[in-house]
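*Asks:* Sequence and predicted model, in that order:
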Amino acid sequence: MTRPIPPDLGAQFKPVAGAVTAPRGFRAAGVAAGLKPSGAADLALIVSDSEAVGAGVFTTNQVKAACVTYNQSILAQGQPVRAILCTAGQANACTGEEGERNNAQLARWVAERLGIPAHQVLTASTGVIGQQLEMAKIKAALPHLIDSLSPAGGESAARAILTTDLVPKSTALEANIDGYTVRVGGIAKGSGMIYPNLATMLAFLTSDAAVDPPLWQQILKEAVDLSFNQITVDGDTSTNDMVLALANGQSGIPTVQAGTKAAQTLAEMVAQVCIHLAKAIARDGEGATKLLEIRVQGAPDDRSARQIARVIANSPLVKAAAFGGDPNWGRVAAAAGRAGIPFDSRLLEIRLGDFLLLEKGIPLPFDRQAACKYLKGDPVVFTVDLHQGPGQGVAWGCDLSYDYVRINAEYTT
């Protein structure tokens, strides 16, 4: 099912307000529990009014936070889920058995107040690794959090999951599928430690579609491959990171089955929501001033194209050149060449925006002053064509500024 999503594919979908509460039957809220020194909102809850099919994609880091292993165990059972609780402030990673007990206790507290089984509550945490959750503060804030749940609470939840992010990240789309109005919404956080296979990022998606559980997991995994696994800020992969998706069927549509047009449309909607959120994460990279979009075409296959695009987007030299406004296409060529995908460099073509810099492996004259001016804008797009096959792929990153070092040098101090 996976194919790179053309830039205009989302035109068939209607943007709607509400983020994760845009789909029918979802409520959300975000409140301040005192977990962040700033006093900002740091506790978020998303609840489906009815049982929902759950799906998840998780960090591949061998060091996993308690919330990651807990959710993996819950979703492996294939039972319906109803809620996602997210704490922002302490990662609850590398916290041993106490961290595991605390994570399970959070699920029980929420379940008791919602009147549902504990295994229907998924958890997420983000913040500094090695810090235990401040359980007393969370417990004290839960009544207010649950009382604040609202069908208009999507944006409130989006703000409550942030850490070093400068802006909240949310979106929602609507489409007609088999005569039914179906919506998909999402929120995300992420700014640093961003790299394929997930990193310091969280994303939560909701839909009012009814979906066969294995198909919902497949749709989410393929959407992640096209989006969150195609972004990079700094090449680091973290311990807590996940994408969770709930589908509760309240649109009234009959259960979507694999191999149908309805399944393809729903998959495209989910992919578009994920791509929007992924690009927002890359643009909001720590210290970043612009979004980098790397388009690769003419590769042997899609997977090869995506691999090359990721390596270019993650190159510190390419990122630094973009920050400095230097149209040094040689760094793009070098990064493509070390991506592990064989190709004939004599056919290589590189564009910066509309500027053709390299054709058939030969440098071309170009207006350097105009190209430097283009690099000062946002986004900056590089297009690489290998002229060796039908494969295509896109990756997103950001420039590398002086502020990135400052932010991370002072992160825990």
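*Replies:* Noted; the coordinates are in hand. Residues are numbered from 1 along each chain as shown.

*Asks:* Retrieve the pLDDT associated with residue 90.
*Replies:* As predicted, residue 90 sits at a pLDDT of 88.

*Asks:* and it, how many neighbours does it have?
*Replies:* By other C-beta atoms under 10 Å, the residues close to residue 90 number 24. For the C-beta atoms, the positions are set from N, CA and C on the backbone; glycine is no exception.

*Asks:* thought it was touching residue 137?
*Replies:* No. Counting by C-beta atoms under 8 Å, residue 90 sits too far from residue 137 to count as a contact (10.2 Å).

*Asks:* Out of the helices and strands in the chain, which is least certain?
*Replies:* Lowest on mean pLDDT, DSSP states H and E among the helices and strands of the chain sits helix 402-409, with a mean of 67.

*Asks:* Residue 373 versus the residue in the chain sticking out farthest from the centre, what's the distance?
*Replies:* Ranked by distance from the centre of the chain (C-alpha atoms, centre = their mean), the top residue is residue 365, with 38.3 Å. Distance of residue 365 to residue 373, computed by C-beta to C-beta, to the nearest Å: 17 Å.

*Asks:* For the residue farthest from the centre of the chain, give its distance to residue 25.
*Replies:* 59 Å.

*Asks:* Repeat that for residue 57.
*Replies:* 23 Å.

*Asks:* The two: which is more packed in?
*Replies:* Legend: neighbour count by other C-beta under 10 Å for residue 57 and residue 25, higher for residue 57 (23 against 18).

*Asks:* Can you pull the phi/psi pair for residue 150?
*Replies:* phi -150, psi 150 (degrees, to the nearest 10).

*Asks:* what number of residues lie near it?
*Replies:* The number of residues packed near residue 150 is 13, by other C-beta under 10 Å.

*Asks:* go on, the one 3 residues further on?
*Replies:* Taking other C-beta under 10 Å as the neighbour definition, residue 153 ends up with a count of 24.

*Asks:* hey, where'd the helices end up in this protein?
*Replies:* Per DSSP state H, the chain carries helices over the ranges 66-76, 96-114, 135-147, 154-160, 213-226, 261-283, 302-314, 316-324, 329-337, 368-375, 402-409.

*Asks:* among the ones you listed, which is nearest residue 352?
*Replies:* For residue 352, the closest of these is helix 368-375, at 5.8 Å, according to C-beta to C-beta.

*Asks:* Point out where this protein drops to low pLDDT.
*Replies:* Residues of the chain meeting the criterion pLDDT under 70: 1-11, 191-200, 233-239, 285-287, 404-405, 407-413.

*Asks:* how does it divide into domains?
*Replies:* Domain segmentation of the chain under automatic domain parsing yields 9-283, 291-409.

*Asks:* Check the ones you listed for me and report the most buried one.
*Replies:* Of all the domains of the chain, domain 9-283 carries the top mean neighbour count, a mean of 21, counting by mean count of other C-beta atoms under 10 Å.

*Asks:* How far away from the center of its chain is that one?
*Replies:* Distance of domain 9-283 from the chain centroid (C-alpha atoms, centre = their mean, to the nearest Å) equals 10 Å.

*Asks:* Now for residue 242: which residues touch it?
*Replies:* 56, 57, 58, 59, 67, 68, 71, 124, 198, 202, 203 (C-beta atoms under 8 Å, 6 or more residues apart in numbering).

*Asks:* do you know how far the residue lying closest to residue 302 once chain neighbours are set aside is from residue 344?
*Replies:* Excluding the flanking residues, the one nearest residue 302 by C-beta to C-beta, 6 or more residues apart in numbering is residue 391, at 4.8 Å. Remark: distance between residue 391 and residue 344 (C-beta to C-beta) = 14 Å.

*Asks:* what's the nearest residue to residue 376 if we skip its chain neighbours?
*Replies:* residue 325 (5.4 Å).

*Asks:* my guess is the one you found contacts residue 368, does it?
*Replies:* No. Using C-beta under 8 Å, residue 325 is not in contact with residue 368; the gap is 10.4 Å.

*Asks:* Roughly how far does residue 367 sit from residue 225?
*Replies:* With C-beta to C-beta as the criterion, residue 367 and residue 225 are 37 Å apart.

*Asks:* From residue 157, how far off is the closest residue to residue 271 other than its chain neighbours?
*Replies:* Nearest non-adjacent residue to residue 271, counting by C-beta to C-beta, 6+ apart: residue 223, 4.3 Å away. Look at residue 223 and residue 157: by C-beta to C-beta, they are 20 Å apart.

*Asks:* Residue 219 now?
*Replies:* 22 Å.

*Asks:* Any chance of TSV for the contacts of residue 242, columns distance to residue 36?
*Replies:* Below are the contacts of residue 242 laid out as TSV (distance: C-beta to C-beta, whole Å):
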residue	distance to residue 36
56	25
57	26
58	24
59	22
67	18
68	21
71	23
124	15
198	22
202	15
203	20
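
*Asks:* Those residues in strands, which ones?
*Replies:* Per DSSP state E, strands hold the following members of the contacts of residue 242: 56, 57, 58, 124, 202, 203.

*Asks:* now the residues you listed in CSV, with distance to residue 258?
*Replies:* Listed next are the ones in strands among the contacts of residue 242 as CSV, based on distance: C-beta to C-beta, whole Å:
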residue, distance to residue 258
56, 19
57, 18
58, 23
124, 28
202, 27
203, 23
